[in-house]
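Asker: Below is the sequence, then the predicted model.
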Amino acid sequence: MSNFKYVFYCLIVLVVIGLVVASYYYGRKPIPVSGETVNEYRTTLPVQTTIIRERLPAIIDTVYVDNHAYELASYKEVIDTNKVHIELDVKYNEYSNLFDIRHNISTVRDSIYVERIITKVIDKKHKLIGFTGGTSIGFSDSERDIELYSAGIDLGIKLAGKYSASAFIDTKKTFGVRLGVDF
């Protein structure tokens, strides 16, 4: 009878090791990714270029209309910086009091900040039927020290990842059925 007791304990240890190894390999499966949402935000930072010209040398011509002298001033320049290229042609007619402005402006916009946020939605669906198992160890407090009172195992099924039903047995020859609900 004593040898049967050790065989039963060895069997329980082997079952526990098997359950640990099986749960490791079962739990290693990757979780399925159901969808991916990509949010992209673009922010354009303003490029500000200040070009100041004072006391511009202009070409002044005199135009005679009805024996009256009117001045016609013109200014032409090409301004080229690292980020801005300007071709400017300005004329002022004193007779008509009008400006004539021709320009060609080109800029390089290099200050764009792009931020990408990727949101992954992971739906983990439980299997309809899965396996469950467990072990139990009970101790008793005797007069001399704490002793192993009983050891047991239970095996069963889990429905939809929430409800479980298992059968158990222990060394005190107690057996039965356990029903459970996961919250």
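Answerer: All right, it came through fine. Residues are numbered from 1 along each chain as shown.

Asker: Scan the helices and strands of this protein for the one with the lowest mean pLDDT.
Answerer: Ranked by mean pLDDT, DSSP states H and E, the weakest helix or strand in the chain is strand 35-44, scoring a mean of 68.

Asker: helices or strands up against the helix or strand following it?
Answerer: Heading C-terminal from strand 35-44, the first helix or strand you meet, by DSSP states H and E, is strand 59-65. Strand 59-65 makes packing contacts with strand 68-80 when contacts are defined by 3 or more Cβ pairs under 8 Å, 6 or more residues apart in numbering; DSSP states H and E. (Glycine included, C-beta is placed from N, CA and C.)

Asker: isn't residue 108 right up against residue 80?
Answerer: No. Taking Cβ atoms under 8 Å as the definition, residue 108 is not a contact partner of residue 80, at 11.6 Å.

Asker: any idea how far the residue in the chain sticking out farthest from the centre lies from residue 18?
Answerer: Ranked by distance from the centre of the chain (Cα atoms, centre = their mean), the top residue is residue 67, with 78.7 Å. As for residue 67, its distance to residue 18 is 118 Å (criterion: Cβ to Cβ, to the nearest Å).

Asker: Could you tell me which ranges of the protein sit under the pLDDT cut-off?
Answerer: Along the chain, the model assigns pLDDT under 70 to residues 1-6, 27-38, 43-49, 109-114.

Asker: Run through the strands of it in chain order.
Answerer: For the chain, the strands defined by DSSP state E occupy 35-44, 59-65, 68-80, 84-93, 98-107, 112-121, 129-141, 146-159, 163-170, 175-181.

Asker: Any chance of those in TSV with distance to residue 11 as columns?
Answerer: Formatted as TSV, those follow (distance: least, Cβ to Cβ, whole Å):
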stretch	distance to residue 11
strand 35-44	46
strand 59-65	109
strand 68-80	89
strand 84-93	85
strand 98-107	81
strand 112-121	44
strand 129-141	12
strand 146-159	9
strand 163-170	11
strand 175-181	15
